[in-house]
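In: Here's a sequence, model it:
(one chain, ligands or ions: 1)
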Amino acid sequence: MNNHPETSVTVIGLGLMGRSLAGAFLAAGHPTAVWNRTASKADQLVAAGAWRAPTVGDAVKASPLTILCLTDYPAMHELLDADDIELDGTTLINLTSGDSAQAREAARWAERRGARYLDGAIMAIPSTIGTAEAVILHSGPRPDFEAHRPTLDALGTVTHLGADHGLASLYDVAGLAMMWSVLNAWLQGTAMLRTAGVDATTYAPFAQQIATGVAQWLPGYAEQIDSGSFPAEVSALETDARAMAHLIEESEAVGVNAELPRLIKAMADRAIAAGHGGEQYPVLIEEFGKPRGD
Ligand code: NAP
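Out: Now for the predicted structure:
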């Protein structure tokens, strides 16, 4: 997968994910330096050929590129804030999960220390790292990403989203919003059907078909959002709102939780009250774009 097996890389943070990252670099032939607060977590990697740096500073110095994979951003600052750790001229890629403000602040901090900085988000579980299935998002200056792309390719499907350091975190949570919304919708339907003796396994293929079908609508609906024009080509929001009322009534009638459908209908009702009842569903972006639900 990579064309520069000789390029060395450092991985700091050898938890479940960090160990997989370091393992993938080693497997791709990169000389790999590692450091972890609990040193024993490096043992297997060292047995596989990694170099155990005695200190964090030695770890950073060992390679032009350092990957950070820690619990959170405060842990990164706790580790690297000390002035005696030389960051000048190095590149840090922080794959620790956090929010966009933390990412942007970390970029400014790294710049003050003379380091190049990319933020990142791992959309994968440890066992998939090193395969195309592992999607790893990066944001920050593109030249810094491109300079290390041959090394990063060892981790999976790596993508650069843009110069704004906050983008990787934002895409990360946007993906989670999508994942939980699909799962919650499926659970709502499953809870209702179970009251009629239909088990989850029976309903799952039907739900999958619906989810796949709805996913096809996204590019067209995205065009409506980007153009700010929501002609009702398929159905009007007020028609959808009547169906939402049925979903609430049916949920209540069969004795399952109706909180989620009520929330969805409340948003639609506000959009209708604002005069958008004759427009198409994605007009709800205006409700989603507000900080508060009122
Ligand atoms: P983990 O197994 O709990 O590992 C956490 C790592 O952070 C350990 O190396 C730990 O060191 C280190 N650490 C925490 N606080 C520290 C501090 N103050 N100083 C020095 N080191 C510190 O977590 P993980 O699953 O590897 O996840 C790491 C990051 O990847 C997280 O941000 C997580 O959200 C993200 N991620 C994980 C997954 C996943 O499936 N695991 C998927 C996507 C993203 P010790 O070993 O000494 O405790």
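In: Could you use CA atoms for every contact and neighbour count after this?
Out: Noted.
In: how about the residues of the stretch 101-250 of the chain near the ligand?
Out: 122, 123, 124, 125, 126 (C-alpha under 6 Å from any ligand atom).
In: tell me the domain ranges of this structure?
Out: 9-162, 170-288 (automatic domain parsing).
In: Switch those over to CSV; also include mean neighbour count and mean pLDDT.
Out: Output for the domains of the chain, formatted as CSV (neighbours: other C-alpha atoms under 10 Å; pLDDT from 0 to 100):
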stretch, mean neighbour count, mean pLDDT
domain 9-162, 19, 97
domain 170-288, 15, 97
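In: For stretch 47-54, output the C-alpha coordinates as CSV.
Out: Extracted C-alpha coordinates of stretch 47-54, given in CSV (Å, rounded to 0.1, in the frame of the first residue of the first chain):
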residue,chain,number,x,y,z
ALA,A,47,8.8,-7.7,20.0
ALA,A,48,7.5,-7.0,16.4
GLY,A,49,10.3,-4.5,15.7
ALA,A,50,9.2,-1.2,17.1
TRP,A,51,11.7,1.1,19.0
ARG,A,52,10.6,1.9,22.5
ALA,A,53,11.5,5.6,23.1
PRO,A,54,12.6,6.2,26.7
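In: gap between that stretch and the chain center?
Out: Put simply, stretch 47-54 sits 30 Å off its chain's centre (C-alpha atoms, centre = their mean, to the nearest Å).
In: Name the residues that touch it?
Out: Outside of stretch 47-54, the residues within contact range by C-alpha atoms under 8 Å, 6 or more residues apart in numbering are 26, 31, 32, 33, 34, 35, 42, 46, 59.
In: any bit of the host helix or strand of residue 66 sitting next to the ligand?
Out: Here residue 66, judged by DSSP states H and E, is contained in strand 65-68. No: Strand 65-68 is not in contact with the ligand by C-alpha under 6 Å from any ligand atom; minimum separation 8.5 Å.
In: partners of that strand, with directions?
Out: Applying DSSP bridges, strand 65-68 is found paired with strand 9-12 (parallel), strand 91-94 (parallel).
In: Kindly reformat those as a markdown table and extend each row with distance to residue 206.
Out: Formatted as a markdown table, the strands paired with strand 65-68 follow (distance: least, C-alpha to C-alpha, whole Å):
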| stretch | distance to residue 206 |
| --- | --- |
| strand 9-12 | 44 |
| strand 91-94 | 40 |
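In: So which of these is nearest the ligand?
Out: Across those, the ligand has its closest neighbour in strand 9-12 (7.4 Å, C-alpha to the nearest ligand atom).
In: show me what contacts the closest residue to residue 53 other than its chain neighbours?
Out: Nearest residue to residue 53 in three dimensions, chain neighbours excluded: residue 59, at 5.0 Å (C-alpha to C-alpha, 6 or more residues apart in numbering). Neighbour list for residue 59: 10, 11, 12, 33, 34, 35, 52, 53 [criterion: C-alpha under 8 Å, 6+ apart].
In: I figured residue 97 hits residue 68, correct?
Out: No: Residue 97 lies out of contact with residue 68 (C-alpha atoms under 8 Å); the separation is 10.3 Å.
In: which helices and strands does the lengthiest helix in the chain pack with?
Out: Ranked by residue count and defined by DSSP state H, the top helix of the chain is helix 167-194. Packed against helix 167-194 by the contact rule (3 or more C-alpha pairs under 8 Å, 6 or more residues apart in numbering; DSSP states H and E) you find helix 100-112, strand 116-123, strand 135-139, helix 200-215.
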